[in-house]
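Give me coordinates for this.
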Amino acid sequence: MRNRFSAVATCLALVAAYPAIARTAPFRARTAAPDTSWTSRSAIYEVFVRDFSATGDFRGVISGLDRIQAVGANVVWLMPIYPVGIANRKGPLGSPYAVRDYRAVNPAFGTAADFRALVQAVHARRMKLILDWVPNHTAWDNVWVQQHPAFYVRDDSGGLTVPRDDKGKLTDWTDVAQLDYRNPQLRRAMIDEMRYWLVEFGIDGFRVDAAGFVPDDFWRDAVPALRSAVQRPILLLAEWGDLKMHQFGFDLTYAWDSYSHLKAVWGGAPAATFVRQELTDLQAMPRGGMRIRFTTNHDETAWDAPPVVRFGGVAGARAAFIAMALLPGRPLIYDGQEVESPQKLGLFVRDPIAWNQPHAAAARAFYRRVVQLTRTDPALIAGDFQAVDTNVPDEVIAYRRGDAVVLVNTRPRPVHVTATGVDVAGAVDLLSNRPQHGDTLTLPAYGAVVLERRARAGRVSH
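As a prediction, this is how the structure comes out:
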């Protein structure tokens, strides 16, 4: 979604409400049994095909799969690959979210055969591939405008109209036209189009753009229809924060509020409030639901800033990623994040990623280490989530995942940290493999540790 309804008011309330951070019972995931499917151990890499390679096409993504695997990801999310609308387009190339044909591929990216080759190359590496899907609106010159004019909402003069948000307010998405979900034929057609990519190309699921703009009852029908379309597990990621999406059957929803709270902490809000808010969110999480955890994505990089800018440099960006990625949920990496590119990758232009960033190898090794922990360490996959009290609650984000203790200094200055109620002496920092001596540790500016007992730490694969 190119415009979000951010939680600025929430963040202001968060700062004001800080003073009492009460001790809270641990959050325990409310699942009947551990989920061992690939979706629960996924680490997602988001690819903007235009920018990912020098050629800006499917072949360039195939050539870059080594790069994606090198950061530990096992799911490739492709931003929309369909032909981009020309009418009312924004910028020189238009937005990939202005879809002109749901069953075609953007000729700038290659052919359907090239896309099939990409899917096969991903699967050959025992990875998965999901497509971005845009169900709420289409380009003004989508093939449906002529073939199925009744699929669209009309204004008073009978013309197409830009989308409205979930509160009924007109958006500024002037390059797309609103679909009309009051039409049952549209609903059937949309499910058929999604099923087409699952069946014909063997993709492994969808990231659904602006999922909350589409009526709830559509998802109640669509999700089971999609899951029954193929005899294999698929991943469904809703670009929406409301937990109701999990009740409709989505695996993942967006942690928009987590990102807003994290930025608030970096802006000076007390660090302990971040954990408090996560406890509240996770206690309301429906059975089996997960958040996608990010410190950037195509919206944030384009409209806000990439992490190395937004979080105060390389050390700040890494600290923010640790704090976010090790929460319950699944981690996300976006184009170039793992080499700490400072580029603002716009949606309406082409800006190939500058992969030769200074210290790119060290940066990639860092992100790989954190991502692999989320996929291999039992505590960081399914461990209970609990706040940890420290002597520096304003400065340090502190929480437990099972028997792993995560401590992140959110300030550009060193802090001396003593945790209450946890025994860290003799534990091993999974980020550096160094043992912790004593109960107090010093975290450098934006420093972080993930402390766990050696018996568990020895089983973690890096």
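
Contacts for stretch 297-312, please.
Stretch 297-312 has contacts (Cβ atoms under 8 Å, 6 or more residues apart in numbering) with 1-2, 4, 46, 48, 79, 259, 263, 266, 294-296, 314, 316-317, 319-321, 332, 334-337, 340-347, 412, 446. C-beta coordinates here come from the backbone N, C-alpha and C atoms, glycine included.

Narrow these to just the buried residues.
Buried subset of the contacts of stretch 297-312 (neighbour count, 16 or more other Cβ atoms under 10 Å): 1-2, 4, 46, 48, 79, 259, 263, 266, 294-296, 314, 316-317, 319-321, 332, 334-337, 340-343, 345-347, 446.

Among the residues you listed, which are located in helices?
259, 263, 266, 314, 316, 317, 319, 320, 321 (DSSP state H).

Show me the helices in the stretch 201-350 of the chain, by range?
With DSSP state H, counting those that start in this stretch as the definition, the stretch 201-350 of the chain shows helices at residue ranges 216-227, 244-247, 256-266, 272-283, 298-299, 307-310, 314-325.

Would you tell me which one of those is buried the most?
helix 314-325 (a mean of 24; mean count of other Cβ atoms under 10 Å).

Can you check what angle separates that helix from helix 256-266?
Orientation of helix 314-325 against helix 256-266 (axes from the mean of the first three to the mean of the last three Cα atoms, to 10 degrees) gives an angle of 140 degrees.

any weak-confidence spans in the protein?
1-36, 454-462 (pLDDT under 70).

Quick check: phi and psi on residue 442?
phi -110, psi 120 (degrees, to the nearest 10).

Residue 146 too?
phi -90, psi -40.

ok, it to residue 220 distance?
In this structure, residue 146 and residue 220 are 30 Å apart, going by Cβ to Cβ, to the nearest Å.

residues near the nearest residue to residue 360 once chain neighbours are set aside, how many?
Leaving out its chain neighbours, the residue that sits closest to residue 360 by Cβ to Cβ, 6 or more residues apart in numbering is residue 339, at 4.0 Å. Other residues near residue 339 come to 22 when the count uses other Cβ atoms under 10 Å.

Wait, residue 339 touches residue 363, no?
Yes - between residue 339 and residue 363 there is a contact under Cβ atoms under 8 Å: 5.3 Å.

Between these two, which contacts overlap?
residue 357.

looking at the sheet around residue 132, what are its partners?
Counting by DSSP bridges, residue 132 forms beta bridges with residue 207.

typo on my end, residue 420
Bridge pairing for residue 420 - DSSP bridges - gives residue 389.

quick one: it from residue 389, how far?
4 Å.

need the strands for the stretch 151-300 of the chain, in chain order.
Ranges of strands in the stretch 151-300 of the chain, per DSSP state E, counting those that start in this stretch, are 176-178, 205-208, 235-238, 252-254, 290-293.

Contact partners for residue 370?
321, 322, 325, 326, 331, 431.

Now for residue 375, how many residues are close by?
Counted with other Cβ under 10 Å, residues neighbouring residue 375 total 18.

Just the element for it, please.
helix 360-376 (DSSP states H and E).

returning to what we had before: quick one, which of residue 420 and residue 389 is more surrounded?
It is residue 389, of residue 420 and residue 389, that has more neighbours when counted by other Cβ under 10 Å, with 15 against 11.

Go ahead and confirm the more buried one touches residue 421.
Yes - contact criterion Cβ under 8 Å: residue 389 and residue 421 qualify, at 6.3 Å.

so how far is residue 131 from residue 200?
12 Å.

And those two? Which one has more around it.
residue 131 (23 against 11).
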